[in-house]
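**Student:** 3D model of this:
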Amino acid sequence: MSGKSKKGKTTRYNINLANRKGVEVHEPEDFEWAFDTLFHWIEDLEETKEGFANRRPRDYLHDMMGDMRDAGRGHFFFAAHEGTPLSGAFVFTSGSKLWFMHGASGKEKRKLQGTYLLQWEIMRWAKRRGITYCDFVGAPKPGDRNEDDPYYGVYRFKLGFGGDIVEFLGCMDLAVRPRLASAWYNLEPLYYRAYYKLKNNVFY
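**Tutor:** As a prediction, the model looks like this:
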């Protein structure tokens, strides 16, 4: 863990700072409280951070998280200080793998670096359960890895925990009717934009 912030603080320093200041991480039992708190923070982030967008409506996220939690594959975690929630995350697990799917922070006590301790304690929790693969999910494309990208801060935060950036192959199509396929490829971006505008949700 060697990533440094603009002030020169390392990831390990911020984790230890949160520990020293009494930040604690827990897995809440109250699903509705956990969902409402995290979703509220996600909405705040969308309003205050230029370029950030939540592509899923509330009902979709509520049902998805609820179903995954009921199946034992979804877990909420929150960092808190003296009863004040600081940051939260929702993760997926499957076999020996874990994915950080959604996360956000509140506006209070940000100097306590609760987000760093939250991520670290989730990783420790996963390791105790035999999980060996941790995917932080999502990194900007190589050309967007600069401070102008709205997700650059999150990218730097993830890098601080070590690991590798892995780029996977996308979906590959076999066009059995090339002319129709070519027409669809030209139409597809317009269709997806219209779908999102009408449904306030992504297509897939």
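**Student:** what residue is smack in the middle of the protein?
**Tutor:** H102 (3.5 Å; Cα atoms, centre = their mean).
**Student:** mind checking the longest strand of the protein?
**Tutor:** strand 84-94 (DSSP state E).
**Student:** pLDDT on the helix or strand containing the residue nearest to the centre of the chain, on average?
**Tutor:** Take DSSP states H and E as the rule and H102 turns out to sit in strand 97-105. Mean pLDDT, taken over the full extent of strand 97-105, equals 91.
**Student:** so how far is that strand off the chain centroid?
**Tutor:** Its chain's C-alpha centre and that of strand 97-105 lie 4 Å apart, by Cα atoms, centre = their mean, to the nearest Å.
**Student:** which helices and strands does it pack with?
**Tutor:** Here strand 97-105 touches helix 31-48, strand 84-94, helix 114-128, strand 133-135, going by 3 or more Cβ pairs under 8 Å, 6 or more residues apart in numbering; DSSP states H and E. Quick note: C-beta positions are derived from backbone N, CA and C, even for glycine.
**Student:** thinking again about what came up before, ok, the residue nearest to the centre of the chain - contacts?
**Tutor:** 38, 42, 61, 65, 89-90 (Cβ atoms under 8 Å, 6 or more residues apart in numbering).
**Student:** Let me know the closest of those residues to F31.
**Tutor:** M65 (7.8 Å; Cβ to Cβ).
**Student:** For whichever strand or helix holds the closest one, buried residues please.
**Tutor:** Counting by DSSP H and E, the element that carries M65 is helix 58-70. Residues of helix 58-70 classed as buried by neighbour count (16 or more other Cβ atoms under 10 Å): 61-62, 64-65, 68-69.
**Student:** can you list those residues in a markdown table and add distance to L17 and pLDDT?
**Tutor:** As requested, these are arranged in a markdown table below (distance: Cβ to Cβ, whole Å; pLDDT from 0 to 100):
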| residue | distance to L17 | pLDDT |
| --- | --- | --- |
| L61 | 31 | 92 |
| H62 | 34 | 95 |
| M64 | 33 | 94 |
| M65 | 30 | 95 |
| M68 | 32 | 96 |
| R69 | 31 | 95 |
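**Student:** Dump these into TSV; add distance to K158 as well.
**Tutor:** Formatted as TSV, these follow (distance: Cβ to Cβ, whole Å):
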residue	distance to K158
L61	21
H62	26
M64	22
M65	21
M68	22
R69	24
